[in-house]
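1. Task: produce atomic coordinates for the following.
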Amino acid sequence: MEIFSITKSFPKEETYSLIDQIRRSSRSVFASIAEAYKKRKYPNHFISKLTDADMENGETQAWLDASLACNYITNEKYVELNKQSEEVIYLLIYMINNPDKFS
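-> Residues are numbered from 1 along each chain as shown. Reported below is the predicted structural model:
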């Protein structure tokens, strides 16, 4: 939700490129986690969906890099959001490596 909020201040010319991409990828992270949870009885499906979430999280990080490079976000906001993204990665890796704890 924070990414949605900050992208409201991005230039209008980014509406159909950077804004759409970063919003889509960040939303896809939690959607993939939700799908994984629903598939938790099937470890391979669970892991597959968590891997999708990890990939989308990586894409979100790349869009954050672009947002910083274009000066659409401050360095402080970038560091904060990147740190949150890294925390998500640690949780995803734990879940991927321990699917039995979630079934």
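2. Helix or strand: which one has the most centrally placed residue in the chain?
-> Centroid-nearest residue in the chain: residue 57, 3.1 Å away (criterion: C-alpha atoms, centre = their mean). Element membership of residue 57, judged by DSSP states H and E, is helix 43-69.
3. Now that helix: buried residues?
-> The neighbour-count check on helix 43-69 (16 or more other C-beta atoms under 10 Å) flags 46-47, 49-50, 52-54, 56-57, 59-61, 63-64, 66-68 as buried. For glycine as for every other residue, the C-beta is placed from the backbone atoms N, C-alpha and C.
4. now stretch 1-9
-> 3, 6-7.
5. Among the residues you listed, which ones are in helices?
-> 3, 6-7 (DSSP state H).
6. Out of those, which comes closest to residue 37?
-> For these, the minimum distance to residue 37 (C-beta to C-beta) is 21.5 Å, reached by residue 3.
7. And the pLDDT for the closest residue to the closest one other than its chain neighbours?
-> The shortest distance from residue 3 to any residue other than its chain neighbours is 4.5 Å, reached at residue 26 (C-beta to C-beta, 6 or more residues apart in numbering). Note for residue 26: predicted pLDDT of 97.
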